[in-house]
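J.: coordinates for the following, if possible.
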Amino acid sequence: MDIETLLTDLAGGDIVTLLLAGFIILCLFLAIRIVPQSQKFVVERFGRLRVVLGPGINFIVPFLDRVAHKISILERQLPNATQDAITKDNVLVQIDTSVFYRILEPEKTVYRIRDVDAAIATTVAGIVRANIGKMDLDEVQSNRAQLIGQIKESVEDAVDDWGIEVTRAEILDVNLDQATRDAMLQQLNAERARRAQVTEAEGLKRSVELQADADLYAAQKDAEARRVLADAEAYATRVVAEAIKENGLEAAQYQVALKQVEALAKIGQGEGSQTIIVPADAADAFGKAFQMLKGRV
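T.: Next up is the predicted model:
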């Protein structure tokens, strides 16, 4: 064997080795799949679902298995949508909604529904119309939280077969046409006027009640004062009567004479008094009072 033949054989062996090494590297490259934390890979074998790869390093069979779908499991938000609905009291409203969801089972999502966003949006529109039709306009405005809960629960039941979880549903706004707004404004103004009249009437009624209570209280106090005065006069009369009964007529005459003396004394103490008018029987009164006083002493 000459040198040229030896070199040819060595060259042929190196090529085969290189080809084999390259094939092994290619197989390893195709077999190893690194899945990000926010995704899941759906692997098919000959067109059929084989496995769903989770985050991390995964291995598949080269040339037999292939990654058919890469599904994000992050929470998604549907574009804000507006649905027309008619309430139970026949009022046309426009409901602005927003829905958040995430995919839990990618194998159901990719094999059971073609357009997830459009399917969820259509489902939400139908559920919103159905729930709005069961409520009056006032209930839609005041029970928004309850309505949101009903919509979320209904959407979750509808999309459960798609491997989707509805994390949040929101009603952003409830819009009315201009004619309905004008009618509601007139009704609101009328209600405000009615409340003002009721408040004024209640205030007047309360004022009358308080005045009546005050008059009644004053009458009660006046009656009490009159009763006390009458009791005092009755007591004084009773005391005088008892004194007359015990001491006879002389005691009564003595009291009358003292009152006359006190009256004359007050007249004499007046400012600028130069002349004192004495009744005709004043001397007798003084005499009687003196005699009675002397008799008592």
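
J.: please, where are all the helices along the chain?
T.: 3-31, 106-112, 116-132, 137-142, 144-159, 178-247, 249-268, 282-296 (DSSP state H).

J.: any regions of the protein where pLDDT drops low?
T.: By pLDDT under 70, the low-scoring segments of the chain are 1-13, 181, 184, 236, 239-241, 243-297.

J.: which parts of it belong to which domain?
T.: As assigned by automatic domain parsing, the chain contains the domains 3-72, 76-176, 191-247, 248-270+277-297.

J.: please identify the most buried of those domains.
T.: Here the criterion is mean neighbour count by mean count of other C-beta atoms under 10 Å, and of the domains of the chain the winner is domain 76-176, at a mean of 16. Using the backbone N, CA and C atoms, a C-beta is placed for each residue, glycine as well.

J.: ends of that domain, how far apart?
T.: 29 Å (C-alpha to C-alpha, to the nearest Å).

J.: how about JSON lines for the domains of the chain, with distance to Leu185 added?
T.: Converted to JSON lines, those look like this (distance: least, C-beta to C-beta, whole Å):
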{"stretch": "domain 3-72", "distance to Leu185": "47"}
{"stretch": "domain 76-176", "distance to Leu185": "11"}
{"stretch": "domain 191-247", "distance to Leu185": "11"}
{"stretch": "domain 248-270+277-297", "distance to Leu185": "81"}
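
J.: closest to Asp182 out of the ones you listed?
T.: domain 76-176 (9.7 Å; C-beta to C-beta).

J.: ok, now which ones touch the residue nearest to Ile164 when sequence neighbours are not counted?
T.: Of all residues not flanking Ile164 in the chain, Tyr101 sits nearest, at 5.3 Å (C-beta to C-beta, 6 or more residues apart in numbering). Listed by C-beta atoms under 8 Å, 6 or more residues apart in numbering, the contact set of Tyr101 reads Glu75, Arg76, Leu78, Ile120, Val159, Ile164, Glu165, Val166, Thr167.

J.: switch the cut-off to 10 Å
T.: 75-78, 116-117, 120, 155-156, 159, 162, 164-169 (C-beta atoms under 10 Å, 6 or more residues apart in numbering).
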